[in-house]
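Colleague: build me a model:
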Amino acid sequence: MASTLVSSIGTINNTSSTPLALTTAYDTKYATYLKLFSGELFKAYESATVAKGTVQNRQLKNGKSLQFIFTGRMTADYHVPGEPILGSGDPPVAEKTIVCDDLLISSAFVYDLDETLAHYSLRSEISKKIGHALAEAYDKKIFRTIALSARSAHPITASPGPEPGGSVIKIGSGNQYDAQKLVDAFFEAAAVLDEKNLPKQGRTAVLAPRQYYALVSQVDSNILNRDYGNTQGNLNSGQGLYQIAGIDLKLSNNLPFLAGNIAAVNGENNDYADDFSNHAGLIYQKDAAGVVEAIGPQVQTTGADIKTMYQGDLIVGRLAMGAGTLNPAAAIEIQAA
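Modeller: Model (predicted):
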């Protein structure tokens with residue numbers, strides 16, 4: 001049996017059925033390396049993912065799914081002197097179950113000779129690429145989920161509801177890079193979220209890179225005027241635009257930006273498929289979607305016997321998570337339609 005080293009970002013386990021004496025030298029030699037590899041992967045994953053921390057997140061243990069509970073509005077009534085307060089009834093409640101998708105993996109085989117002849121750190125580069133691959137898959141799932149949330153009605157319809165559903169802001173066909181249209185969409189989104197009584201904390205917008213730079217290029221114009229309390233945006237660096245209308249601004253290549261029809265694939269146990277032909281960005285509050293994680297970004301590599309047989313190491317990065325819609329009222333999709 002192969003000896004496998006497993007690291008959940010720093011934790012190393014020897015799961016070999018081979019006598020320890022046969023693999024101790026190899027495992028000891030590569031234990032430090034595996035910690036470094038895990039750290040590099042995790043650092044790359046954390047720096048590459050945009051969606052992480054912007055939606056509700058829970059750790060999944062001892063099960064395949066988690067339930068998220070959210071409640072509707074309640075009313076307030078005047079008290080009549082002398083009458084007992086018995087409670088006006090429980091608030092309307094909705095339950096959302098999010099299941100874990102199948103295991104996501106990104107792997108590479110590092111041939112010893114290739115590593116010896118390379119004039120750069122081959123393992124370091126591979127660790128970064130694996131981290132980026134897992135982050136890309138993570139973000140794509142969440143952004144599609146938020147877009148679907150924006151297109152959904154709220155599950156709570158009981159009195160004093162119904163609760164408001166998601167919203168779509170249409171900026172016109174072909175206007176996905178129009179800075180004025182985008183800024184107008186931000187202020188409209190802020191007003192919509194306020195009207196739905198969503199918290200101002202945890203509001204995030206995600207745009208494609210060209211949209212972001214279209215906005216940065218207008219920081220000295222009447223669209224984003226520095227004189228109107230705006231000190232953001234640097235034309236020299238192309239960076240520094242962090243908020244519009246109190247909404248944190250991020251950019252990502254992992255939006256389903258004008259992506260057309262995206263079909264479901266094997267291994268997805270939640271719904272991420274739809275027609276995204278007009279999709280041009282997201283504005284949302286943290287309750288728009290939820291994520292469950294069974295296995296965080298983790299590294300595995302083969303042990304001494306496999307290394308000897310194949311003269312190299314198989315390195316695997318893995319992640320088990322799932323995403324689903326929560327409160328549609330907290331999700332807004334920008335559409336170029």
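Colleague: how near is Ala94 to His279?
Modeller: 26 Å (Cβ to Cβ, to the nearest Å). Glycine gets a C-beta too; all of them are placed from N, C-alpha and C.
Colleague: the more surrounded of these two?
Modeller: His279 (27 against 17; other Cβ atoms under 10 Å).
Colleague: what's the closest non-adjacent residue to the more buried one?
Modeller: Spatial nearest neighbour of His279, excluding adjacent residues (Cβ to Cβ, 6 or more residues apart in numbering): Pro256 at 5.1 Å.
Colleague: tell me the contacts of Gln67?
Modeller: Glu95, Lys96, Thr97 (Cβ atoms under 8 Å, 6 or more residues apart in numbering).
Colleague: so it sits in a helix?
Modeller: No. Assigned with DSSP: H, G, I helix; E, B strand; the rest coil, Gln67 falls outside any helix and is strand.
Colleague: what are the ranges of the strands in the stretch 201-337 of the chain?
Modeller: In the stretch 201-337 of the chain, the strands defined using DSSP state E, counting those that start in this stretch lie at 203-207, 243-244, 247-251, 261-262, 274-275, 279-285, 289-302, 312-325, 331-335.
Colleague: where are the low-confidence patches of this structure?
Modeller: The model of the chain has pLDDT under 70 over residues 1-39, 42, 88-89, 114-121, 219-240, 303-304.
Colleague: so which of the contacts of Gln67 belong to helices?
Modeller: Among the contacts of Gln67, no residue falls in helices (DSSP state H).
Colleague: confirm that Lys140 sits in a helix.
Modeller: Yes. Assessed by three-state DSSP, Lys140 belongs to a helix.
Colleague: rewinding a little: can I get the strands of the stretch 201-337 of the chain in a markdown table with distance to Ala133?
Modeller: Listed next are the strands of the stretch 201-337 of the chain as a markdown table, based on distance: least, Cβ to Cβ, whole Å:
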| stretch | distance to Ala133 |
| --- | --- |
| strand 203-207 | 19 |
| strand 243-244 | 30 |
| strand 247-251 | 19 |
| strand 261-262 | 18 |
| strand 274-275 | 23 |
| strand 279-285 | 22 |
| strand 289-302 | 10 |
| strand 312-325 | 7 |
| strand 331-335 | 26 |
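Colleague: of all the ones you listed, which one comes closest to Ile169?
Modeller: Checking these against Ile169 by Cβ to Cβ gives strand 331-335 as the closest, at 5.3 Å.
Colleague: now do the closest one: distance to the chain's middle.
Modeller: Mean C-alpha position of strand 331-335 versus that of the full chain (Cα atoms, centre = their mean, to the nearest Å) differs by 16 Å.
Colleague: only alpha carbons, please: show it as CSV.
Modeller: Extracted in CSV, the C-alpha atoms of strand 331-335 (Å, rounded to 0.1, in the frame of the first residue of the first chain):
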residue,chain,number,x,y,z
ALA,A,331,-29.2,39.6,-4.2
ILE,A,332,-29.1,42.0,-7.2
GLU,A,333,-28.0,41.0,-10.7
ILE,A,334,-26.8,43.6,-13.2
GLN,A,335,-27.9,42.6,-16.7
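Colleague: residue boundaries of the helices in this protein?
Modeller: 20-48, 112-117, 122-150, 179-195, 209-216, 304-310.
Colleague: just checking, what packs against the fourth one?
Modeller: When contacts are defined as 3 or more Cβ pairs under 8 Å, 6 or more residues apart in numbering; DSSP states H and E, helix 179-195 packs onto strand 167-170, strand 203-207, helix 209-216, strand 243-244, strand 247-251, strand 279-285, strand 331-335.
Colleague: cool, thanks, signing off.
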